[in-house]
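Participant: Generate coordinates for the sequence data below:
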Amino acid sequence: MRLAKFLSFFLCYFFAFHSHSQNLGPSSYSRIGIGDLNDGSFSRNQGMGGTGTGLYHAYQLNSLNPAAISMLKYTNFEFGIAGKRTSQNTQTESQNGASGNIQHVSLALPLHKRWVTQFAAKPFSTVNYQDNFSSTIGEKTYQISYSGSGGLSEFLIANAYNYKDWLMIGLSTGFVMGQSTYDQTQLEAGGAKFYTLKQRDEKHIRFTPGLLISREIKKKYQPTDELIKDTIIKDSLGRRRIVTNLSSKNWFYGIGLTGTVYSTLSANEDQFVQESRYGLMSNAGYYDYIPFKIDTIRTGSVTGYTLPSSVRVGLSLYKPNKITLAMDYSYANWAGFAQNALNSTFRNQQFFALGAEFIPDFNSIKFYKRIAYRAGLNMNMLPYVVASQNISQMQANIGLGVVMPKTGVTLNATLTYGERGTTASNLVKENYWMFSIGVIANTRWFLRPKHD
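Facilitator: Residues are numbered from 1 along each chain as shown. Purely as a prediction, here's the structure:
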């Protein structure tokens, strides 16, 4: 049975990697830099607006701070998928698109009551765009098309340790790799056709240490030895043990801090231009563009190519299994990044998020009272400056977390509305709806049973 679970996990892991980050609809801004950046949050974090650096959960993974996984009580498997519908608008035109993708696959293993190891795969960035327009130079009119595909995926290994359940430390190491393809076609009716292709393969290693402190503000009870109700036993896989009164009035605070640095293992880029002339295909008897010249612009390694470092801090205030309030802020040093700018420059990225979670009565035998209701807002000052316009993104999230009776499986669902970009300077504004689902299963692998 355990072998089947392991095989299922690694099949999902393999599929997540080979999905090659083709996620969640086209975006004109994914042509800039390394593409559309994945926010990295798992299903609970998504429902709370992307917060989580100052939070932990005993039965759900927190992907934003590697230290937080040290509090997991059981072997934890999580699988996330999402679908997105996007409307892209300029001052004169609009188009719609929809798609979906795997968001993450993760397996966390408590190897000791204070030490947890995690393996995960997820998209890191996505290149997915198709832009067409016409341009008149003198008396000639050209049809110009830009398109791109690919992106980066990440495998990560994280380890975390908790000291007396209030001080947690962790380290996540990620292997980021992938290929991105950028195409440009310039077509003169009845004249020349120029096709430019650029491909970039890159591999990076990421290091993210994390720290999380969680302390009680004021103690109002003593732990008691009690038997959890049958429904709670089956939902959380609990047994007779020392438990706290989950409906107590205790408040706790959490402070989390992470930092990320990258080292580029390799980055290679090939680019060439093919010129074609419109003429009669001698063997076919019809007119078409006939290639006659190919020039190699560059091939080989890209120098000075390093992904920017970042820092993230999170604060939380919560009553266990009742109410949680959270805030996150992150800063990434993109200003010096100059790869694939395409009529744009880079600025430092800043991200602000607020989130909340409320559970009416976690101990209730009534199903609907144990549902976790979540909501959040965030603003992301993206690192792109296009045509002198700063590009930002805003999102609003609502979500639910449902523990399925008698299974120990949790379903998290999040609905997101977001806006990105602007129509000023003939740019594109994107409006989108996204629906994501996370499936979480907890089991007792590697835990030695105790007998009376």
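
Participant: partners of the host helix or strand of Ser145, with directions?
Facilitator: Using DSSP states H and E, Ser145 falls within strand 140-163. Counting by DSSP bridges, the strands paired with strand 140-163 are strand 115-126 (antiparallel), strand 129-137 (antiparallel), strand 167-188 (antiparallel).

Participant: for those, which one ends up most surrounded?
Facilitator: Highest mean neighbour count of these: strand 115-126, a mean of 22 (counted as mean count of other CB atoms under 10 Å). C-beta here means a position set from N, CA and C on the backbone, and glycine is covered the same way.

Participant: And the average pLDDT for that strand is what?
Facilitator: Rounded to a whole number, the mean pLDDT of strand 115-126 is 94.

Participant: Would you mind writing the CA trace of that strand as PDB?
Facilitator: Below are the C-alpha coordinates for strand 115-126, written out as PDB (Å, rounded to 0.1, in the frame of the first residue of the first chain):
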ATOM      1  CA  TRP A 115      12.500  17.200  12.000                       C
ATOM      2  CA  VAL A 116      10.600  17.200   8.700                       C
ATOM      3  CA  THR A 117      11.800  16.800   5.100                       C
ATOM      4  CA  GLN A 118       9.900  17.900   2.100                       C
ATOM      5  CA  PHE A 119      10.100  17.100  -1.700                       C
ATOM      6  CA  ALA A 120       8.100  19.200  -4.200                       C
ATOM      7  CA  ALA A 121       7.800  20.200  -7.800                       C
ATOM      8  CA  LYS A 122       6.100  23.300  -9.100                       C
ATOM      9  CA  PRO A 123       6.200  25.800 -12.000                       C
ATOM     10  CA  PHE A 124       8.700  28.700 -11.400                       C
ATOM     11  CA  SER A 125       7.900  30.900 -14.400                       C
ATOM     12  CA  THR A 126       5.900  30.800 -17.600                       C
END
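
Participant: Can you give the distance from that strand to the centre of its chain?
Facilitator: What separates the centre of strand 115-126 from the centre of its chain is 10 Å, taken as CA atoms, centre = their mean, to the nearest Å.

Participant: ok so, going back, and the strands paired with strand 140-163, which one is worst for confidence?
Facilitator: Looking at the strands paired with strand 140-163, the bottom one is strand 129-137 with a mean of 81.

Participant: can you tell me which of the strands paired with strand 140-163 comes nearest to Asn65?
Facilitator: Ranking those by proximity to Asn65 (CB to CB) places strand 167-188 first, at 7.1 Å.

Participant: measure stretch 35-42 end to end?
Facilitator: For stretch 35-42, the first-to-last residue distance is 20 Å (CA to CA, to the nearest Å).

Participant: before we move on, the earlier item: using CSV, list the CA coordinates for the strand holding Ser145.
Facilitator: These are the backbone C-alpha positions of strand 140-163, laid out as CSV (Å, rounded to 0.1, in the frame of the first residue of the first chain):
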residue,chain,number,x,y,z
LYS,A,140,5.4,49.6,-46.9
THR,A,141,3.2,47.9,-44.4
TYR,A,142,4.5,45.0,-42.3
GLN,A,143,2.6,42.4,-40.3
ILE,A,144,4.5,41.7,-37.1
SER,A,145,3.9,38.7,-34.8
TYR,A,146,5.5,37.9,-31.5
SER,A,147,5.0,34.6,-29.7
GLY,A,148,6.6,32.6,-26.9
SER,A,149,6.4,29.4,-25.0
GLY,A,150,8.1,27.4,-22.2
GLY,A,151,9.3,28.6,-18.9
LEU,A,152,11.1,27.3,-15.8
SER,A,153,10.2,24.5,-13.4
GLU,A,154,11.5,23.9,-9.9
PHE,A,155,12.3,20.8,-7.9
LEU,A,156,12.9,21.5,-4.2
ILE,A,157,14.1,19.7,-1.1
ALA,A,158,13.5,21.3,2.2
ASN,A,159,14.5,20.4,5.8
ALA,A,160,13.2,22.0,9.0
TYR,A,161,13.6,21.6,12.7
ASN,A,162,11.5,23.0,15.5
TYR,A,163,12.8,23.7,19.0
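
Participant: circling back to that earlier point, nearest to Val409, of the strands paired with strand 140-163?
Facilitator: strand 115-126 (18.7 Å).

Participant: helices or strands next to the longest strand seen in the chain in the packing?
Facilitator: Across the chain, the longest stretch assigned as strand under DSSP state E is strand 252-281. Packing contacts for strand 252-281, counted by 3 or more CB pairs under 8 Å, 6 or more residues apart in numbering; DSSP states H and E, involve strand 192-216, strand 286-301, strand 310-319.

Participant: Give the next helix or strand downstream of the last one.
Facilitator: Downstream of strand 310-319, the next assigned helix or strand under DSSP H and E is strand 323-332.

Participant: moving C-terminal of that next one, what's the next helix or strand?
Facilitator: Next element after strand 323-332 (DSSP H and E): strand 344-346.

Participant: Report all helices and strands that that following strand contacts.
Facilitator: So strand 344-346, by 3+ CB pairs under 8 Å, 6+ apart, packs with strand 372-386.

Participant: residues near the residue lying closest to Leu171 once chain neighbours are set aside, how many?
Facilitator: Closest residue in space to Leu171, ignoring its immediate chain neighbours: Pro209 at 5.1 Å, by CB to CB, 6 or more residues apart in numbering. Applying other CB atoms under 10 Å, we find 17 other residues in the vicinity of Pro209.

Participant: One more: Ala353?
Facilitator: Neighbours of Ala353 (other CB under 10 Å): 27.

Participant: Could you tell me how far it is located from Val428?
Facilitator: Shown here: Ala353 relative to Val428, a distance of 24 Å by CB to CB, to the nearest Å.

Participant: pLDDT below threshold where in the stretch 1-150 of the chain?
Facilitator: Screening the stretch 1-150 of the chain residue by residue with the criterion pLDDT under 70, one finds the ranges 1-25.

Participant: Could I get the full set of helices for it?
Facilitator: Secondary structure of the stretch 1-150 of the chain by DSSP state H, counting those that start in this stretch: the helices cover 2-18, 43-47.

Participant: In contact with Ile144, which residues?
Facilitator: 132-135, 184-187 (CB atoms under 8 Å, 6 or more residues apart in numbering).

Participant: tell me the contacts of Trp433?
Facilitator: Contacts of Trp433 by CB under 8 Å, 6+ apart are 84-85, 415-417.
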